[in-house]
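Novice: sharing a model prediction with you, sequence too.
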Amino acid sequence: MGLAEELGDKLAIDVLKVVEKLGDDQLIAEVAKVLAASSTPTEEAFMSAIRVRQAEARARAFLREHVKKELAKQAKKPDA
């Protein structure tokens, strides 16, 4: 992993934490704009890290819900 990717990922982690606390999704775009003004590679790495981390979070949420529903179905089945 190059420096831009490493720093972009670290910044993405911090920004996503703040977005979660404040509920301000627009912060991502604002930070990306600041980065783009001075370092396009870092901005691209940041946005890639944001997308990957958000996708992973959505997939984990889906998995949790799926398992929860399946366990509830199993609990309702009579023992065979």
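Specialist: Cool, the structure landed.
Novice: all the strands of the chain, in order from the start?
Specialist: For the chain, strands defined by DSSP state E do not occur.
Novice: what packs against the longest helix anywhere in the chain?
Specialist: Using DSSP state H to define each element, the chain has its longest helix at helix 40-76. Packing partners of helix 40-76 (3 or more C-beta pairs under 8 Å, 6 or more residues apart in numbering; DSSP states H and E): helix 3-22, helix 26-38. Quick note: C-beta positions are derived from backbone N, CA and C, even for glycine.
Novice: now the longest one and helix 26-38, what's the angle there?
Specialist: Spelled out, that is helix 3-22. Relative orientation of helix 3-22 and helix 26-38, computed by axes from the mean of the first three to the mean of the last three C-alpha atoms, to 10 degrees: 150 degrees.
Novice: can I get helix 3-22 in PDB? Just the C-alpha atoms.
Specialist: Taking Å, rounded to 0.1, in the frame of the first residue of the first chain, the C-alpha atoms of helix 3-22 are listed here in PDB:
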ATOM      1  CA  LEU A   3       1.500   6.500   1.200                       C
ATOM      2  CA  ALA A   4      -1.600   8.100  -0.500                       C
ATOM      3  CA  GLU A   5      -3.600   4.900   0.000                       C
ATOM      4  CA  GLU A   6      -2.500   4.500   3.600                       C
ATOM      5  CA  LEU A   7      -3.300   8.100   4.500                       C
ATOM      6  CA  GLY A   8      -6.500   8.100   2.500                       C
ATOM      7  CA  ASP A   9      -7.700   5.000   4.400                       C
ATOM      8  CA  LYS A  10      -6.800   6.400   7.800                       C
ATOM      9  CA  LEU A  11      -8.600   9.700   7.000                       C
ATOM     10  CA  ALA A  12     -11.600   7.700   5.700                       C
ATOM     11  CA  ILE A  13     -11.800   5.800   9.000                       C
ATOM     12  CA  ASP A  14     -11.800   9.100  11.000                       C
ATOM     13  CA  VAL A  15     -14.300  10.800   8.700                       C
ATOM     14  CA  LEU A  16     -16.700   7.900   8.800                       C
ATOM     15  CA  LYS A  17     -16.600   7.900  12.600                       C
ATOM     16  CA  VAL A  18     -17.400  11.600  12.600                       C
ATOM     17  CA  VAL A  19     -20.200  11.100  10.000                       C
ATOM     18  CA  GLU A  20     -21.700   8.400  12.300                       C
ATOM     19  CA  LYS A  21     -21.600  10.700  15.300                       C
ATOM     20  CA  LEU A  22     -22.900  13.800  13.600                       C
END
